[in-house]
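J.: coords please:
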Amino acid sequence: MESSKHSTARDALFDLKARIGKAVLGQDHLVESMLIGLLANGNLLIESLPGLAKTRAVKTLAKNLAADLSRVQFTPDLLPSDVTGAEIYFQTDKGGQFQFQKGPIFANLVLADEINRAPAKVQSALLEAMEERQVTVAGKTYKMPDLFMVLATENPIEQEGTYPLPEAQLDRFLMHVVITYPDEATEGDIIKLNREENAQKPKGHAAEPPAVPQQAVFDARGEIDGVFVSDLAQKYIVDIIYATRFPGRYGEPLGKWIQVGASPRGSLALDRCARVRAWLDGQEFVTPDHVRAVMHDCLRHRLILSYEAVSQGINADQVIDKITELVSAA
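T.: Numbering: from 1, shown residues only. Coordinates of the predicted model:
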């Protein structure tokens, strides 16, 4: 029987998910992925065409989570100090002194908009904060908040004036989420919701519910740590990763599609996200279905495809589909 704390943590997170879902229509996968990333204590790379509610989803998450949000619009002229902060010289009664002024990276949720438009120095400045959860400026180290997640966005159709993220930096993202257009029915609902939001609110409207406390996330993470991963489930994860590294073992066409496979971060990402997926499903153990549910988001940015695959129009998702067919969970 579940403890009351367990039930409370799950109820709080499902309440958070429901609130975001009411404001962000037609993007259930994005909402769920943000929740998984938050609970797995990882960072997300979100790729979509313009106008598909990426920023709205992140803002709604911050609004309902009692979390600070900062947004950085990445541009080619951005400097690392514009992200991390810098030491500023102040003149005081006791004389001049330098004080560190924190940059926008020091927030619970950081929306790095169009991250591929920033030069390499700025991208690398984000790297330490994402991986080490700290920033070093002028020889001093400053810790990030306990609740910290970077949600970076990319636009796949505008490549002029961009700096593609190197594979080593892509690997730092827990998940690479790709979102698409909503269906026709949802498109109509979006128009209706926008009309309602723009309409003047009547007097005496109900107050918004209190934000979900950050402690609910920490409690949930503690419970997720206790989700059981059997030797069989762990072997399934390892077999999937090794299928990306040694695709030739599975013959053609997989053997000719992959040039470089996933790193150990891919294994860790599958393990963490599968445990979160199991917890969200109310399960105390991970099954192959939980692993398959997060495979595409955890691995699509960790594969380097061969020239032959690219020339045939094969993408990473199709390669992962083939791995799912070939790798047995038994």
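J.: just the strands in this structure please.
T.: Listed in chain order, the strands of the chain (DSSP state E) span 44-47, 69-73, 85-92, 95-102, 109-113, 134-137, 140-143, 149-154, 175-178, 258-260, 304-305.
J.: would you list these in CSV and tack on distance to Leu79, mean pLDDT and mean neighbour count?
T.: (Each C-beta comes from the backbone N, C-alpha and C, glycine too.) CSV is the format used below for the strands of the chain (distance: least, C-beta to C-beta, whole Å; pLDDT from 0 to 100; neighbours: other C-beta atoms under 10 Å):
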stretch, distance to Leu79, mean pLDDT, mean neighbour count
strand 44-47, 22, 92, 24
strand 69-73, 11, 91, 17
strand 85-92, 9, 80, 12
strand 95-102, 14, 80, 11
strand 109-113, 15, 92, 24
strand 134-137, 12, 82, 16
strand 140-143, 17, 86, 12
strand 149-154, 18, 91, 25
strand 175-178, 26, 94, 23
strand 258-260, 32, 92, 17
strand 304-305, 30, 92, 17
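J.: of all these, which one is nearest Leu13?
T.: Set against Leu13 and scored by C-beta to C-beta, the strands of the chain come closest in strand 149-154, at 14.3 Å.
J.: okay, the angle between that closest one and strand 69-73?
T.: With axes from the mean of the first three to the mean of the last three C-alpha atoms, to 10 degrees applied, the angle from strand 149-154 to strand 69-73 works out at 30 degrees.
J.: how far off centre is strand 149-154?
T.: Distance of strand 149-154 from the chain centroid (C-alpha atoms, centre = their mean, to the nearest Å) equals 6 Å.
J.: swap in stretch 248-268?
T.: 23 Å.
J.: quick one: end-to-end distance for it.
T.: Across its full length, stretch 248-268 reaches 23 Å end to end, with C-alpha to C-alpha, to the nearest Å as the criterion.
J.: how about stretch 37-55?
T.: Stretch 37-55 stretches 16 Å from its first residue to its last (C-alpha to C-alpha).
J.: begin at 424 from now on, thanks
T.: I'll keep to 424 as the first residue from here, and by that count the last item is stretch 460-478.
J.: buried residues, that stretch. List them.
T.: For stretch 460-478, the buried set under the neighbour-count rule, 16 or more other C-beta atoms under 10 Å, comprises 460-471, 475-477.
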